[in-house]
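Trainee: dropping a prediction and its sequence here:
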Amino acid sequence: MSTRLECRIESGQPGEPRVVSIRGEVDLATAPELESFVVRALEESPGTLVLDLEELSFIDSSGLRVLVAVSRDARSRGVAIQLRNVPRHAQRVLDLTGLSDWFDHAADS
């Protein structure tokens, strides 16, 4: 698996949540790219934005800051952000930082 950050917006059926698949590492170097991508997806989202983390290989505090910031932005727009397919390593970081309850979780695919 590449460690380079790759993001993809999946367009579902009308009325379904928009899904952003995140692949690779989210760290100090790639966090701004992630933030820009998710904000763009948020602007196009009909009401729920799902972040699919199945192929996320690493996340640090920079990535967590992005997730919290876009979550706050989403709430101010009336859009829900949900996490899906959270890898064990990322769930552990969310648990350790007390952010597990900050995010809603979508059913894993």
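Mentor: Happy to help now that I have it. Numbers count the residues shown, from 1 in each chain.
Trainee: packing partners for the longest helix seen in the chain?
Mentor: Counting residues, the longest helix found in the chain (DSSP state H) is helix 61-77. Applying 3 or more Cβ pairs under 8 Å, 6 or more residues apart in numbering; DSSP states H and E, one finds that helix 61-77 contacts strand 18-26, helix 31-43, strand 80-84, helix 88-97. C-betas here are computed from N, CA, C, even on glycine.
Trainee: and the last one with strand 80-84, angle?
Mentor: In terms of direction (axes from the mean of the first three to the mean of the last three Cα atoms, to 10 degrees), helix 88-97 departs from strand 80-84 by 130 degrees.
Trainee: how about the longest one?
Mentor: Relative orientation of helix 31-43 versus strand 80-84 (the same axes, to 10 degrees): 120 degrees.
Trainee: I'd like the numbering to begin with 4 instead of 1 from here.
Mentor: OK, 4 is where the count begins now, so the last one is helix 34-46.
Trainee: just how off-centre is helix 34-46 within its chain?
Mentor: Relative to its chain's centre, helix 34-46 lies at 9 Å (Cα atoms, centre = their mean, to the nearest Å).
Trainee: so which elements touch it?
Mentor: strand 9-13, strand 21-29, strand 51-62, helix 64-80.
Trainee: mean confidence for it?
Mentor: For helix 34-46, mean pLDDT rounds to 94.
Trainee: identify all contacting residues around it.
Mentor: 8, 10, 12, 21, 23, 25, 29, 52, 54, 65-66, 68-69, 72-73, 76-77, 80, 82, 84 (Cβ atoms under 8 Å, 6 or more residues apart in numbering).
Trainee: low pLDDT regions in this structure?
Mentor: For the chain, applying pLDDT under 70 flags the ranges 4-6, 15.
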